[in-house]
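> All I have is the shape, not the residue letters:
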């Protein structure tokens, strides 16, 4: 079982009726985030909007929260995150908001309390960059984008 770390969470005023994030299964990596909206929001194809979640968190130093799309919304409706994965830094104390985009072909309705994204808490390391004139050689070298082929 993974190590349990305490993360303080605060509900934003007006979000008292919304659930706080929780793991849906014992081995889940992420928790769902809920739409903190007063009225339904329609995302038309190609449109993106910032959707608040009604929570703010206090992460321990050395952690980040990654905001990710929900695979079910992507597979069924073409709904994702504009920035792929959003990062919540340990020193951010504002409301978590999600930039949803409709890559699908039909309008998508978001209702108050809908599960709109997921949040995964990760350990991070800040590094010290050391300027050098050369890097150790590897068998891959500088091979990038598709260098191993398609099959």
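Okay, I see it. Keep in mind that this is a model prediction, so the values were computed, not measured.

> which stretches of this protein have low pLDDT?
By pLDDT under 70, the low-scoring segments of the chain are 1-2, 147.

> List the buried residues in the longest strand along it.
Looking across the chain with DSSP state E, the single longest strand is strand 115-123. The neighbour-count check on strand 115-123 (16 or more other CB atoms under 10 Å) flags 115, 116, 117, 118, 119, 121 as buried. Placement of C-beta: from N, CA and C, glycine included.

> In space, not sequence, find me the middle residue of this structure.
Most central in the chain under CA atoms, centre = their mean is residue 67, positioned 0.9 Å from the mean C-alpha point.

> how far away is the closest residue to that one other than its chain neighbours from residue 149?
The shortest distance from residue 67 to any residue other than its chain neighbours is 3.7 Å, reached at residue 86 (CB to CB, 6 or more residues apart in numbering). Shown here: residue 86 relative to residue 149, a distance of 32 Å by CB to CB, to the nearest Å.

> Which of the two has more residues huddled nearby?
Using other CB atoms under 10 Å as the criterion, residue 86 and residue 149 rank with residue 86 on top: 18 against 5.

> How much space separates residue 47 from residue 65?
From residue 47 to residue 65 the distance is 25 Å (CB to CB).

> ok, residue 87 - contacts?
Counting by CB atoms under 8 Å, 6 or more residues apart in numbering, residue 87 touches 64, 65, 66, 67.

> Starting from the one helix or strand the third one maps to, tell me the next helix or strand along the chain.
Assigning secondary structure by DSSP states H and E places residue 66 in strand 63-68. Scanning forward in sequence from strand 63-68, with DSSP H and E defining helices and strands, the next element found is helix 71-77.

> buried stuff in that following helix?
73, 77.

> Identify the residues contacting it?
Taking CB under 8 Å, 6+ apart as the rule, helix 71-77 contacts 79, 80, 102, 104, 106, 108, 116.

> From residue 48, how far off is the last one?
For residue 116, the distance to residue 48 equals 12 Å [CB to CB].

> Spit out the residues that contact the two alike.
residue 100.

> Compute the inter-axis angle for the strand holding residue 66 and strand 115-123.
150 degrees (axes from the mean of the first three to the mean of the last three CA atoms, to 10 degrees).
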